[in-house]
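# Sequence first, then the predicted structure, then my questions.
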Amino acid sequence: MELSSGSGSVLRGRPGPCSGPGSGSVSGVWVGVWVDVWVGGPGQWSGSVVRVGVQVSVRVGDRVGDRVGVRVGDRVGVRVSVRVGPVGVRVGVRAGVRLGVRAGSGSVSGPRVTPPCYSSRVAMLTCLRVANLAIIDHLEVELGPGLNVVTGETGAGKSILITALQLVLGAKGRPELVRTGADEAEVEALFELGDDAAVRERLLEAGLEAGDELVIRRVLQAEGRSRAYVNGRLTTNAQLAALASGLADISSQHQHHSLVDPRTHLDYLDAFAQLLGERARIAEAHGALAKVAAELDELVARFRERADREDLLRFQVEEIDALGLRAGELDDLAEERERLRHAERLARVAGGAEDALYAQDEALSEALGRIAAEVRDAAEIDSRLAPFADRLDEALVVLEDTAKELGAYAREVNLDPERLAEVEDRVDRLQRLQRKYGGDLESILEHRARAADELEGLERHEERLAEAEKRRAAALETAASVARALSASRKKASSKLGERISTELESLGMGGAQIVVDLAPLEAKGGLEVDGARLSQTGIDRAEFLIAPNKGEPARPLAKVASGGELSRAMLAIKRVLAGLGPAGTYVFDEVDTGVGGAVAEVIGRKLHDVAAHHQVICITHLAQIAAYGQTHFRVSKRVVDDRTRSEITRIDDAERLEEIARMVGGVKITQRTRAAAAELLELARR
């Protein structure tokens with residue numbers, strides 16, 4: 001039985017490579033004590049000797065769900081075990097003591113070390129669903145963290161998984177990919193974002209929700225059209241490719257290799273040399289310099305246009321001042337113009353109203369006065385009429401006052417054609433000014449204020465220009481100093497990085513291959529320069545990884561390496577050296593085992609396992625030595641149903657895995673010998 005302790009989190013409840021039973025990710029040192037007692041004949045074991053072994057393990061944090069078991073059999077043995085907890089994966093650092101008493105073999109002791117835990121700072125592919133794609137009718141694959149291996153016979157459809165993943169990453173869809181007889185094919189991928197800030201930022205910039213999960217869905221129609229959806233929202237294929245950038249890096253026929261894109265190589269070099277602090281400083285210095293340089297360029301451009309600009313601004317200020325504008329004036333003038341245009345009518349109406357109400361014989365005020373007097377007299381008889389009499393008296397007063405005011409208004413109306421002409425001319429000039437400058441009079445006055453301020457600034461332009469030139473020189477000196485220091489550090493690190501990657505290639509069976517990190521100045525294209533090189537926010541350098549696959553051959557860009565197997569192994573070497581630094585959360589290898597076998601295959605498996613400590617890895621392989629290192633194993637098979645070939649993928653358990661690796665070792669016929677070899681490979685991979 002295995003005991004574990006630690007703290008952390010389990011991604012969506014799925015046990016990861018650093019998860020204990022029901023616990024989160026574990027960090028620290030693992031201590032294990034093993035006691036193996038073997039009973040057998042003296043000397044070397046043989047198939048004729050029966051041995052019985054009892055293994056008891058007590059560990060703190062190592063592998064999820066170890067076993068208490070009894071093994072009976074010959075040298076390889078038949079293992080009967082009871083597993084406690086889910087299938088686990090070795091992670092972390094383990095220090096232990098192994099004590100053994102074994103007839104004819106002696107004892108073994110010593111520490112064992114395993115890779116550090118998988119990091120959640122990058123996104124991880126957790127589920128891939130495919131329908132009606134090529135020979136796949138329908139399948140759903142739930143992937144785990146760490147190393148996922150995919151095996152199966154040639155032609156079973158393993159590489160279709162790569163095609164499916166390329167589609168959700170934005171690759172161009174082809175109608176011939178749609179399964180014969182189906183109207184459309186569909187691929188859907190679920191990524192858990194973890195702490196991947198870069199992907200979240202791209203989603204937010206695109207106006208999409210950036211939660212814990214990202215769902216990408218791609219639909220290909222048999223007629224040739226395709227649709228893409230990101231978190232349920234329809235998007236273009238170009239937008240999908242931009243959003244999915246960095247989610248996965250596929251090493252298969254030069255597809256989706258972030259590491260063959262020279263634009264990423266400088267980032268890798270700086271990460272390897274631990275120059276991220278210097279990168280931040282050059283970005284800050286470049287930003288300050290760019291701001292000052294832009295201000296200077298604007299001042300220089302203004303200086304060249306200063307004379308014409310001064311004349312224009314002075315004319316505008318004088319033109320506006322000459323009219324003596326005031327806010328709301330146009331409304332007042334419009335009202336006055338209407339009074340002047342209809343002065344005769346206004347005087348006639350007001351004078352007539354005065355006559356009818358008060359001035360003429362039998363006017364309304366006279367009639368109202370008589371009525372008021374009669375009601376007042378009647379109120380002497382019935383007091384209830386008194387209020388009405390009061391109201392009539394009040395109405396008479398209001399009527400007479402109104403009549404007098406109307407008369408005064410009629411006598412004040414100005415029948416002045418000259419004033420009318422002046423008002424109409426003023427309105428016309430103001431409206432022309434509005435059409436010229438736009439907006440209302442208030443906007444024109446604001447424009448006048450801005451023009452006056454700019455005019456004042458132009459008059460002291462030479463002084464401001466000299467000050468800006470001094471600021472630019474100081475900022476350039478600061479940026480140049482930082483850029484030169486950063487460039488020198490990169491030159492020291494570039495050869496070391498090339499040597500480290502070349503050493504990895506040698507262990508991968510490419511002993512003659514050499515990686516050269518080509519560091520050169522950025523080509524000057526005008527703008528900001530330092531020592532003849534263009535200054536950017538990353539400094540004055542460009543970097544590119546070049547590879548010479550064989551001795552005597554010139555180093556060429558990674559993208560031009562002809563062999564897919566060589567490219568995949570070069571990718572693995574680089575990722576092994578830069579473990580934990582790559583931008584992609586998921587690494588996919590399809591041809592990494594091309595042309596290799598034996599010891600080299602075992603080394604490749606071990607290095608894939610090491611890379612999987614920092615990134616999720618999916619490896620399609622034909623070699624048992626590589627498959628044995630898988631932490632999650634899938635088998636792809638095909639069968640004929642109703643005269644149609646159908647590809648299927650299954651996640652296999654330990655027993656099935658032993659059979660699959662035995663098949664990969666020995667071919668169609670599986671024997672006790674091939675099972676023994678498979679068991680040995682699995683045991684070696686677990687060490």
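That came in fine, so what should we check first?
# just checking, residue 573 is part of a helix?
Yes - per DSSP: H, G, I helix; E, B strand; the rest coil, residue 573 lies within a helix segment.
# Just give the closest residue to it, not the sequence neighbours.
Excluding the flanking residues, the one nearest residue 573 by CB to CB, 6 or more residues apart in numbering is residue 504, at 3.6 Å. Where C-beta positions appear, they are placed from N, C-alpha and C, glycine not excepted.
# Helix or strand: which one has that neighbour?
helix 461-507 (DSSP states H and E).
# In terms of secondary structure, what does the next helix or strand after that helix contact?
Heading C-terminal from helix 461-507, the first helix or strand you meet, by DSSP H and E, is strand 514-521. Applying 3 or more CB pairs under 8 Å, 6 or more residues apart in numbering; DSSP states H and E, one finds that strand 514-521 contacts helix 265-272, helix 461-507, strand 541-548, helix 564-577.
# Got the phi and psi for residue 412?
With angles defined as degrees, to the nearest 10, residue 412 sits at phi -90, psi -20.
# thinking again about what came up before, these two touch, right, the residue nearest to residue 573 and residue 571?
No - at 10.8 Å, residue 504 does not count as touching residue 571 under the criterion of CB atoms under 8 Å.
# Between those two, which is the more surrounded one?
Per other CB atoms under 10 Å, whichever of residue 504 and residue 571 has more neighbours is residue 571, with 27 against 22.
# and residue 623, which of the helices and strands packed on strand 514-521 is closest to it?
helix 564-577 (11.8 Å; CB to CB).
# between that closest one and helix 265-272, how many degrees?
40 degrees (axes from the mean of the first three to the mean of the last three CA atoms, to 10 degrees).
# what lines up beside the helix or strand following helix 564-577 in the sheet?
Using DSSP H and E, the helix or strand that directly follows helix 564-577 along the chain is strand 586-589. Strand 586-589 has its sheet partners listed here by DSSP bridges as strand 248-251 (parallel), strand 616-620 (parallel).
# most packed of those?
When the strands paired with strand 586-589 are scored by mean count of other CB atoms under 10 Å, the highest mean neighbour count falls to strand 616-620 (a mean of 27).
# contacting residues around that one?
Strand 616-620 is contacted from outside by 118, 124-125, 143-151, 158-159, 161-162, 585-590, 592, 608, 611, 626, 630, using CB atoms under 8 Å, 6 or more residues apart in numbering.
# neighbours of the nearest residue to residue 137 once chain neighbours are set aside, just the number please.
Spatial nearest neighbour of residue 137, excluding adjacent residues (CB to CB, 6+ apart): residue 646 at 4.9 Å. Residue 646 has 17 neighbouring residues, counting by other CB under 10 Å.
# residues in contact with residue 646?
135-137, 638-640.
# re earlier: filter the contacts of strand 616-620 down to the buried ones, PyMOL style.
This is the PyMOL syntax for the buried subset of the contacts of strand 616-620, where burial follows 16 or more other CB atoms under 10 Å:
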select buried, resi 118+124+125+143+144+145+146+147+148+149+150+151+158+159+161+162+585+586+587+588+589+590+592+608+611+626+630
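# Cross-reference the contacts of strand 616-620 with the strands and report the matches.
Of the positions in these, 124-125, 147-151, 586-589 sit in strands, assigned by DSSP state E.
# residue contacts, residue 203?
209-210, 214, 230-231, 243.
# where's it, which helix or strand?
helix 197-205.
# after that helix comes which helix or strand?
strand 213-221.
# next structured bit after that next one?
Trace forward from strand 213-221 with DSSP H and E and the next one is strand 226-230.
# hmm, who's touching that next one?
170, 173, 203, 206, 208, 214-220, 234-237, 239-240, 243.
# Would you list the buried entries among the residues you listed?
170, 173, 203, 208, 214, 216-220, 235, 237, 239-240, 243.
# hang on, the earlier thing: tell me which two of the ones in strands among the contacts of strand 616-620 sit farthest apart.
124 and 151 (21.3 Å).
# now for stretch 350-370, what's the gap between its first and last residues?
25 Å (CA to CA, to the nearest Å).
# Let me see the mean pLDDT of that stretch.
In this model, stretch 350-370 has an average pLDDT of 83.
# Give me the distance from it to the chain's centre.
86 Å (CA atoms, centre = their mean, to the nearest Å).
# and the strands paired with strand 586-589 as CSV, adding mean pLDDT and distance to residue 676?
Compiled in CSV, the strands paired with strand 586-589 are given as follows (pLDDT from 0 to 100; distance: least, CB to CB, whole Å):
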stretch, mean pLDDT, distance to residue 676
strand 248-251, 79, 33
strand 616-620, 91, 24
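# how much space between residue 177 and residue 532?
The gap separating residue 177 from residue 532 is 50 Å, by CB to CB, to the nearest Å.
# Looking at the two, which one has more neighbours?
For residue 177 versus residue 532, the count of surrounding residues by other CB under 10 Å is larger for residue 177: 19 against 10.
# so the more buried one sits right up against residue 185, yeah?
Yes - counting by CB under 8 Å, residue 185 is a contact partner of residue 177 at 5.9 Å.
# Identify the contacts common to the two.
By CB under 8 Å, 6+ apart, the residues touching both residue 177 and residue 185 are 133, 220.
# who are the neighbours in contact with the closest residue to residue 224 other than its chain neighbours?
For residue 224, ignoring the flanking residues on the chain, the nearest one in space by CB to CB, 6+ apart is residue 175 at 4.6 Å. By CB under 8 Å, 6+ apart, the residues touching residue 175 are 220-224.
# Same check on residue 356?
Per CB under 8 Å, 6+ apart, neighbours of residue 356: 363-364.
# any idea of the pLDDT on the residue lying closest to residue 142 once chain neighbours are set aside?
The shortest distance from residue 142 to any non-neighbouring residue, by CB to CB, 6+ apart, is to residue 127 (5.3 Å). According to the prediction, residue 127 has pLDDT 93.
# Does residue 127 touch residue 189 like I think?
Yes - the pair residue 127 / residue 189 is scored as a contact, 7.1 Å apart, by CB under 8 Å.
# which of those two has more neighbours?
residue 189 (26 against 15).
# Any idea what that one is bridged to?
residue 128, residue 216.
# separation between it and residue 286?
Taking CB to CB, one finds residue 189 at 37 Å from residue 286.
# same check, this time on residue 512
Distance from residue 512 to residue 286, by CB to CB: 41 Å.
# Next, count neighbours for residue 567.
Residue 567 has 26 nearby residues by other CB under 10 Å.
# Check residue 469 too.
Neighbour tally, residue 469, other CB under 10 Å: 14.
# same question, the one 5 residues further on
Residue 474 has 13 neighbours, counted by other CB under 10 Å.
# again with residue 260
23.
# How about residue 410?
18.
# Let me see the contact set for the residue nearest to residue 142.
Residue 127 neighbours (CB under 8 Å, 6+ apart): 140-143, 189-190.
# which residues of this protein score low on pLDDT?
For the chain, applying pLDDT under 70 flags the ranges 1-121, 252-259, 559, 561-566, 579-584, 595.
# which SS class is whatever residue is furthest in space from the centre of it?
The outermost residue of the chain relative to its centre, with distances by CA atoms, centre = their mean, is residue 381 at 97.0 Å. The three-state assignment at residue 381 reads coil, by three-state DSSP.
# Which positions within the host helix or strand of the residue nearest to residue 137 qualify as buried?
Using DSSP H and E, residue 646 sits in strand 644-651. By 16+ other CB under 10 Å, the buried positions in strand 644-651 come out as 645-649, 651.
# Also stretch 482-490?
482-483, 486-487, 489-490.
# Return the distance of that stretch from the chain's centre.
Per CA atoms, centre = their mean, the centroid offset for stretch 482-490 relative to its chain is 29 Å.
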